[in-house]
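Q: Next input, structure requested:
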Amino acid sequence: MEWFNLQDNVNLLSIIGLASLVILTIAIAGKYVNQMKDAKDNASVEMADENWDGIGEYKNPLPIGWAVSFVVLLVWAIWYFLVGYPLNSYSQIGEYNDEVKTANEKFSKEHANLDDKKLRDMGEGIFLVQCSACHGITGDGMGNKAADLSKWGSEQGLFDVIVKGSKGLGYPGGEMPGGMAGDDATAKAIAAYVAKEISGIKYTKNENLVNQGKEAYGACTSCHGEDSKGMDGTFPDLTKYGTSDFVVDVLKRGKHGDIGAMPKFDTMLNEIQQKAVGEYIISLSRGK
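A: Model prediction:
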């Protein structure tokens, strides 16, 4: 950048504004310093009515030049932002956003029709770069350092949430406390019913518990709704559980856990990348 490129009107105006502020500051400060010197030998100087422990204050009127300068600079600042260098003109942030948008559009065209394997392969690469530092390269949470993603989207994962609760998914309805089912047997039955009849898993290892779980699940509808879709985003949509869409929801919302907060990835990853990460994470729990 050329600091004194006077061919650039915006740069020129900025330099003029800076010089004006420096000159006015020196002039006004000098004026008041001189007034203070003169006032020491002038007993007739008018004092303000306020007095604190014998310490008074000179009644100094606001200098006209100061007031005029303030108004002029205020008008200039408004003109600068709205006309001289309007907010919708070039900026590095705007250029970056345009480049990101163009790159995402190109990426979307190139990867619009990926098959499941290629999508999972992409997701694995992103996961190893973005997620493995906390969740581990196998997604097991590295000894409770972070959430164990190897169970996400599985019947076992459902059982764990019912028993232990779920923290910080960022839904308006709040967190789900543990122990809502009352005992592990009931929790196992609810997990079987949700896995088979509601979620995207469509399978359970405990077919004999599905009917029992259906009866016990009635207590869950007060939050998740009669259709299990979470009452318009107030709580998690259980019909998405076991699919990449459930993982994408978490990526978009972020999550608070026992060791800290996972940031939102909605601006760091585009939609295809989020879908890929979701497919890869769900693949970790297949068969569990």
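
Q: Packing partners of the longest strand along the chain?
A: Among the segments of the chain that qualify as a strand by DSSP state E, the longest is strand 47-52. The helices and strands touching strand 47-52, judged by 3 or more Cβ pairs under 8 Å, 6 or more residues apart in numbering; DSSP states H and E, are strand 55-58. For glycine as for every other residue, the C-beta is placed from the backbone atoms N, C-alpha and C.

Q: I'd say Lys255 and Phe265 touch.
A: No - taking Cβ atoms under 8 Å as the definition, Lys255 is not a contact partner of Phe265, at 10.3 Å.

Q: okay, and the common contacts of those two?
A: When Cβ atoms under 8 Å, 6 or more residues apart in numbering defines a contact, no residue borders Lys255 and Phe265 alike.

Q: that older thread, name the surrounding residues that touch the longest strand of the chain.
A: Counting contacts by Cβ under 8 Å, 6+ apart, the residues touching strand 47-52 from outside are Gly56, Glu57, Tyr58, Lys59.

Q: Report the distance from the lowest-mean-pLDDT helix or strand in the chain to the chain centre.
A: Lowest mean confidence among the helices and strands of the chain (mean pLDDT, DSSP states H and E): strand 55-58, at a mean of 74. For strand 55-58, the separation from the chain centroid amounts to 51 Å (computed by Cα atoms, centre = their mean, to the nearest Å).

Q: Restrict that strand to CA atoms and write it as PDB.
A: What follows is strand 55-58 as a C-alpha-only set of coordinates in PDB (Å, rounded to 0.1, in the frame of the first residue of the first chain):
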ATOM      1  CA  ILE A  55     -10.600  22.700  44.500                       C
ATOM      2  CA  GLY A  56     -12.400  24.800  41.900                       C
ATOM      3  CA  GLU A  57     -12.900  24.700  38.200                       C
ATOM      4  CA  TYR A  58     -12.400  27.500  35.700                       C
END
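
Q: So in that sheet, which strands flank it, and in what orientation?
A: strand 47-52 (antiparallel) (DSSP bridges).

Q: Give me the buried positions along the strand it pairs with.
A: Of the residues in strand 47-52, none are scored as buried under the neighbour-count criterion (16 or more other Cβ atoms under 10 Å).

Q: number of nearby residues for Gly213?
A: By the criterion of other Cβ atoms under 10 Å, Gly213 has 25 neighbours.

Q: Strands of the chain, start to end?
A: Listed from the start of the chain, the chain has strands (DSSP E) covering 47-52, 55-58, 165-166, 176-177, 255-256, 261-262.

Q: May I see those organised as JSON lines, with distance to Tyr96 added?
A: As requested, the strands of the chain are exported to JSON lines (distance: least, Cβ to Cβ, whole Å):
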{"stretch": "strand 47-52", "distance to Tyr96": "53"}
{"stretch": "strand 55-58", "distance to Tyr96": "51"}
{"stretch": "strand 165-166", "distance to Tyr96": "36"}
{"stretch": "strand 176-177", "distance to Tyr96": "39"}
{"stretch": "strand 255-256", "distance to Tyr96": "27"}
{"stretch": "strand 261-262", "distance to Tyr96": "24"}
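
Q: Tell me which of the ones you listed lies nearest to Ala276.
A: Closest to Ala276 of those is strand 261-262 (Cβ to Cβ; 17.6 Å).

Q: what pLDDT does Thr25 get?
A: The confidence metric pLDDT takes the value 84 at Thr25.

Q: what's near enough to touch it?
A: Thr25 is in contact with no residue at all, counting by Cβ under 8 Å, 6+ apart.

Q: What's the separation between it and Val161?
A: Counting by Cβ to Cβ, to the nearest Å, the gap between Thr25 and Val161 amounts to 63 Å.

Q: Likewise for Val277?
A: Distance, Val277 to Val161, using Cβ to Cβ: 20 Å.

Q: which of those two has more neighbours?
A: In this view Val277 and Val161 are compared by other Cβ under 10 Å, and Val277 has more residues nearby, 27 against 20.

Q: wouldn't the more buried one be in contact with Phe127 here?
A: Yes - in this structure, Val277 sits in contact with Phe127. The criterion is Cβ under 8 Å, and the distance is 5.7 Å.

Q: Only the buried residues of the top helix by length along the chain, if you could.
A: Taking DSSP state H as the criterion, the chain has its longest helix at helix 9-40. Of the residues in helix 9-40, those with enough neighbours to count as buried (16+ other Cβ under 10 Å) are Asn11, Leu24.

Q: what's around the residue nearest to Lys31 when sequence neighbours are not counted, how many residues?
A: Here the nearest residue to Lys31 in space, its sequence neighbours aside, is Pro63; by Cβ to Cβ, 6 or more residues apart in numbering that works out to 6.7 Å. Residues near Pro63, counting by other Cβ under 10 Å, number 14.
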